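1. Need a 3D model of the sequence below.
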Amino acid sequence: MANRQPGYIDGRRSRVGGVPTWGPVPSVLTPGTMEAYGIFDDFLSCEDLAANGAFPTGQATWEFLEATIGTIDQADEVGGAIIIASPATINEGGQIILGSNAGGSAFKPAAGKHLWFEARAKVVIGSADHFNYFIGLVEPEATDILTNAGAIPTNDEIIGFIVRDTESNWSFMGSKSDTQDIRGLGAGRVVDTSYHYFGFYVNGVTDVTCYYDRAEVAAGALATAYIPILGIMPAFAVKAGDGNIESMTVDYIMCVQLR
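-> Numbering: from 1, shown residues only. As a prediction, the model looks like this:
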């Protein structure tokens, strides 16, 4: 793999205690070592929902929050996947957050507690220039991750990939105590309908390295001032920017952190 980075995914895959690890990402849930903990969800099953609620997938329980009539369905794909879709209504959509919307979190950036994240996902664009998507980690709360009219997200603690109305390329963002930085990833990271790998490595609370299709993107590097310090959890969000349906298909999510 091009641009390999020490401490990140390198494409070699094994299963340890039911959780995949790649290369230098630590072993997870192995009795006797327990050097890290993590989540891997292949979305082999889910509840078909058109309203708020929780849905277990066999590996995790996700909270589904829809602004009005967003939906979540099981995709008909090899290996399992889910589809999060907006209605054909401007500023409406849906999102999922691992665990509870009440605020409890399993992942929390801290000194020496390195964190690895990766998701494989694709989108189906309904509008040529008005679509909104998020892939990453947020502080769990029962509010929209994506804001109306492509405005900056209001979440105080957030880190991940985002695209908003009128943008054609993905950006990478971080927010600590509502101090935010959104960094455009530039040409070659265009929003399209193909599957892509979205990953990042959090070096404790020092810096963040961003990866798109498992290649480092220098433009996405985040400084200490923008790394969340409160508990955060995996999340995906979709919002329509006009009267067209927008959707995201998520193949899997992996998040691992040192204990």
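
2. Please name the nearest non-neighbouring residue to residue 155.
-> residue 138 (5.3 Å; Cβ to Cβ, 6 or more residues apart in numbering). All C-beta atoms are positioned from the backbone trio N, CA, C, and that covers glycine.

3. Disregarding flanking residues, what is the spatial nearest neighbour of residue 105?
-> Leaving aside its chain neighbours, residue 105 sits nearest to residue 231 (2.6 Å; criterion: Cβ to Cβ, 6+ apart).

4. unless I'm mixing things up, that neighbour is touching residue 109, no?
-> No - using Cβ atoms under 8 Å as the test, residue 231 is too far from residue 109 to be in contact (9.2 Å).

5. so what's residue 159 bridging to?
-> residue 137, residue 174 (DSSP bridges).

6. quick one on the thing from earlier: compare residue 231 and residue 109 and say which is more crowded by neighbours.
-> Remark: of residue 231 and residue 109, residue 109 carries more neighbours, 26 against 18, as counted by other Cβ atoms under 10 Å.

7. residue contacts, residue 105?
-> 99, 139, 140, 230, 231, 232, 233 (Cβ atoms under 8 Å, 6 or more residues apart in numbering).

8. Just give me the neighbour total for the last one.
-> Residues contacting residue 233 under the criterion other Cβ under 10 Å number 25.

9. from memory it sits against residue 103, does it?
-> No - when contacts are counted by Cβ under 8 Å, residue 233 is not listed as touching residue 103 (9.6 Å).

10. what do these two both touch?
-> What both residue 233 and residue 103 touch, as defined by Cβ under 8 Å, 6+ apart, is the set 139, 140.

11. distance of the residue nearest to residue 155 from residue 153?
-> 8 Å (Cβ to Cβ, to the nearest Å).

12. which one of those two has more residues nearby?
-> Per other Cβ under 10 Å, whichever of residue 138 and residue 153 has more neighbours is residue 138, with 28 against 22.

13. who are the neighbours in contact with the nearest residue to residue 114 once chain neighbours are set aside?
-> Of all residues not flanking residue 114 in the chain, residue 258 sits nearest, at 5.2 Å (Cβ to Cβ, 6+ apart). When contacts are counted by Cβ under 8 Å, 6+ apart, residue 258 touches 26, 35, 36, 112, 113, 114, 115.
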